[in-house]
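Asker: Here is the input, now give the coordinates:
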Amino acid sequence: MMANLFSIFEPSSSIFNFSLNWISTLLGLMFIPYLYWASPSRWSLCWSEIIFTLHKEFKALLTPYSLGSTLFFVGLFSMILYNNFLGLLPYVFTSSSHMAMTLALSLPLWVTLMLSGWINHTQHMFAHLVPQGTPSILMPFMVLIETISNIIRPGTLAVRLAANMIAGHLLLTLLGNTGPSMSSSIILSMLIFSQILLLTLESAVAIIQSYVFAVLSTLYTGEIN
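Answerer: Okay, here's the model as predicted:
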């Protein structure tokens, strides 16, 4: 039963042993040419306002030497948000619920930041291992704690995003599978209402998790410079 339940998150459709489910991540590229010739709509103006707000917020978190990175983090937020919302559609593969994608986003970013920091700002990286005002007797422990904290950062970013997306989808699947076995119309109506509430909650989680991933990545970048 549990194997069948989690099988909804596994790639299953394929042609010549090539998984087609991951193509859902690239479907957003079809909407890019549309933005160049279509007249601005309310949705596009609203999205532009969101991007401008995120740009100002990320600009405040970054140092003056890395302000150009705001475009990268806004794009990262947009891609994760798109994949999270795409997974809420029926029969659409949720790529952001897999560690293969979330870790592929967080690990290269973390490795790049670490290499850049230790090569260009070595003294600052050593100083960052010991918070200001730490007693001398606690310095070795603080270095160990900060080192472990830096090492697990890509894992926490990846697990946080994947676990939150999996949890909501599993709950929606469990409640949806109990619908055909119900005979009472009142209980079935309550189930449908709860599904709508959960879908609304999942929409909020999709926005929050993409925002958290982008903000934490921005904070990690700001600590390097």
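Asker: any low-confidence regions in the protein?
Answerer: 1-19, 32-38, 63-68, 225 (pLDDT under 70).
Asker: Going along the chain, name the strands of it.
Answerer: For the chain, the strands defined by DSSP state E cover 14-15, 18-19.
Asker: Which strands or helices does the top helix by length along the chain pack on?
Answerer: Ranked by residue count, the top helix of the chain under DSSP state H comes out as helix 185-224. Here helix 185-224 touches helix 42-61, helix 70-86, helix 99-120, helix 122-128, helix 153-177, going by 3 or more CB pairs under 8 Å, 6 or more residues apart in numbering; DSSP states H and E. For glycine as for every other residue, the C-beta is placed from the backbone atoms N, C-alpha and C.
Asker: could you redo the last one with a cut-off of 6 Å?
Answerer: Identification of packing neighbours for helix 185-224 by 3 or more CB pairs under 6 Å, 6 or more residues apart in numbering; DSSP states H and E yields helix 42-61, helix 70-86, helix 99-120, helix 153-177.
Asker: How far does that helix sit from its chain's centre?
Answerer: 11 Å (CA atoms, centre = their mean, to the nearest Å).
Asker: between it and helix 70-86, what angle do the directions make?
Answerer: 160 degrees (axes from the mean of the first three to the mean of the last three CA atoms, to 10 degrees).
Asker: buried residues in helix 185-224?
Answerer: Judged by neighbour count (16 or more other CB atoms under 10 Å), helix 185-224 contains these buried residues: 191, 198, 202, 205-207, 209-210, 212-215, 217-218, 220-221, 224.
Asker: quick one, that helix and helix 99-120 angle?
Answerer: Using the same axes, to 10 degrees: helix 185-224 against helix 99-120 is 20 degrees.
Asker: so helix 185-224 versus helix 42-61, what angle?
Answerer: 40 degrees.
Asker: Okay, the closest residue to residue 96 other than its chain neighbours and residue 76: tell me how far apart.
Answerer: Closest residue in space to residue 96, ignoring its immediate chain neighbours: residue 83 at 4.3 Å, by CB to CB, 6 or more residues apart in numbering. For residue 83, the distance to residue 76 equals 11 Å [CB to CB, to the nearest Å].
Asker: For residue 113, see how far away the closest residue to residue 117 other than its chain neighbours is.
Answerer: Residue nearest to residue 117 in three dimensions, not counting chain neighbours: residue 224, with 4.0 Å by CB to CB, 6+ apart. With distances taken as CB to CB, residue 224 is found 5 Å from residue 113.
Asker: Which one's more surrounded, residue 83 and residue 76?
Answerer: Neighbour count, other CB atoms under 10 Å: between residue 83 and residue 76, residue 83 has more, with 25 against 18.
Asker: shouldn't the more buried one be in contact with residue 95?
Answerer: Yes: using CB atoms under 6 Å, residue 83 is in contact with residue 95, at 5.3 Å.
Asker: what is in contact with these two at once?
Answerer: Residues touching both residue 83 and residue 95 (CB atoms under 6 Å, 6 or more residues apart in numbering): residue 25.
Asker: contacting residues for residue 85?
Answerer: Neighbours of residue 85 in contact, by CB under 6 Å, 6+ apart: residue 206.
Asker: let's go with 10 Å and repeat that
Answerer: With contact taken as CB atoms under 10 Å, 6 or more residues apart in numbering, residue 85 is in contact with 92, 94, 96, 202-203, 206-207, 210.
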